[in-house]
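[1] have a look at this prediction, sequence included:
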Amino acid sequence: MKLSHNHPYHLVDFSPWPLTGAIGVMTLVTGLVKWFHNFNMNLLILGYLIVILTMYQWWRDICREGTFQGKHTLLVSNGLRWGMILFIVSEIFFFISFFWAFFHSSLSPNIEIGAMWPPSSIIPFNPFQIPLLNTIILISSGITVTWAHHGLMENNYSQTTQGLFLTILLGIYFTILQAYEYFEAPFTIADSIYGSTFFMATGFHGLHVIIGTLFLLTCFIRHINNHFSNNHHFVLKQKLDIDILLINWSVLSISGIQEAS
């Protein structure tokens, strides 16, 4: 079967990128832990470089296989689509665990934190400032990426380009505001269960936005190079599903922060 091409399946060639990706993530996490304990950032920067280089070269191989070698057949695309659906389901349960921790601690506060929520030593964020602005930015990015998708479906090159470009800008703007919010936060991850749940939940959400922005940047570069057509743009369609998940999470986040304050 490996030698025959009379089948719709994609028999993946040997690739070093899963191994280098695992090494990069291990280096990144180890460097992050060392940085938390006031060591230098050398290992952290090395991990970032390995992960970024692995992502670039892995995406390059996938683009070559799907666009130029025609290995992403209808059957393969269907399998990838189901894989993305299962991934989104796992993401939903992943974020449910954070909501569970938040509501478990807020609806019935423990005596260790003064039997009150937020704890007496915590000054919470105003939900109508940066949290609300970030929610509006995410909803706007969902609108612009949908605009890009519809432009692609209608073979409108300029609208797709504008929609993707605006979505990437909104993702970068969101990340900058999130970083500013962290730097100005009057509490840390070590400040009781409130700080732990806040920074874990919003941190992982921000990480998803960063990864999504990188995916969209890849889609933008591929679109500029005419890799997409109105019937062959699997990556962009799956990014829409992830955006819906992130927007729902952001709306729930601001309602939770509002209740907390």
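    Thanks, I have the structure now. Numbering: from 1, shown residues only.
[2] grab the nearest non-local neighbour of residue 159.
    Among residues not flanking residue 159 along the chain, residue 151 sits closest, at 3.1 Å (CB to CB, 6 or more residues apart in numbering). Any C-beta I mention is one placed from the backbone N, CA and C, and that applies to glycine too.
[3] what is the neighbour count of the one you found?
    Counted with other CB atoms under 10 Å, the neighbours of residue 151 add up to 20.
[4] tell me which residue is most central in the chain.
    residue 208 (1.8 Å; CA atoms, centre = their mean).
[5] ok, residue 166 to residue 88 distance?
    24 Å (CB to CB, to the nearest Å).
[6] try residue 140
    From residue 140 to residue 88 the distance is 21 Å (CB to CB).
[7] how far off centre is the helix or strand where residue 76 lies?
    Using DSSP states H and E, the element containing residue 76 is helix 74-107. Relative to its parent chain, helix 74-107 has a centroid offset of 12 Å by CA atoms, centre = their mean, to the nearest Å.
[8] in it, which residues are buried?
    76, 80, 84, 91, 95, 98, 102, 105, 106 (16 or more other CB atoms under 10 Å).
[9] just checking, what packs against the helix or strand just after it?
    Remark: after helix 74-107, the chain's next helix or strand is helix 130-153, criterion DSSP H and E. Counting contacts by 3 or more CB pairs under 8 Å, 6 or more residues apart in numbering; DSSP states H and E, helix 130-153 packs against helix 157-183, helix 192-224, helix 234-260.
[10] before we move on, the earlier item: could I get the buried residues of helix 74-107 as JSON lines with pLDDT and distance to residue 185?
    Output for those, formatted as JSON lines (pLDDT from 0 to 100; distance: CB to CB, whole Å):
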{"residue": "76", "pLDDT": "78", "distance to residue 185": "45"}
{"residue": "80", "pLDDT": "78", "distance to residue 185": "39"}
{"residue": "84", "pLDDT": "78", "distance to residue 185": "34"}
{"residue": "91", "pLDDT": "83", "distance to residue 185": "25"}
{"residue": "95", "pLDDT": "84", "distance to residue 185": "21"}
{"residue": "98", "pLDDT": "87", "distance to residue 185": "17"}
{"residue": "102", "pLDDT": "86", "distance to residue 185": "16"}
{"residue": "105", "pLDDT": "87", "distance to residue 185": "18"}
{"residue": "106", "pLDDT": "85", "distance to residue 185": "18"}
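[11] thanks a lot, catch you later.
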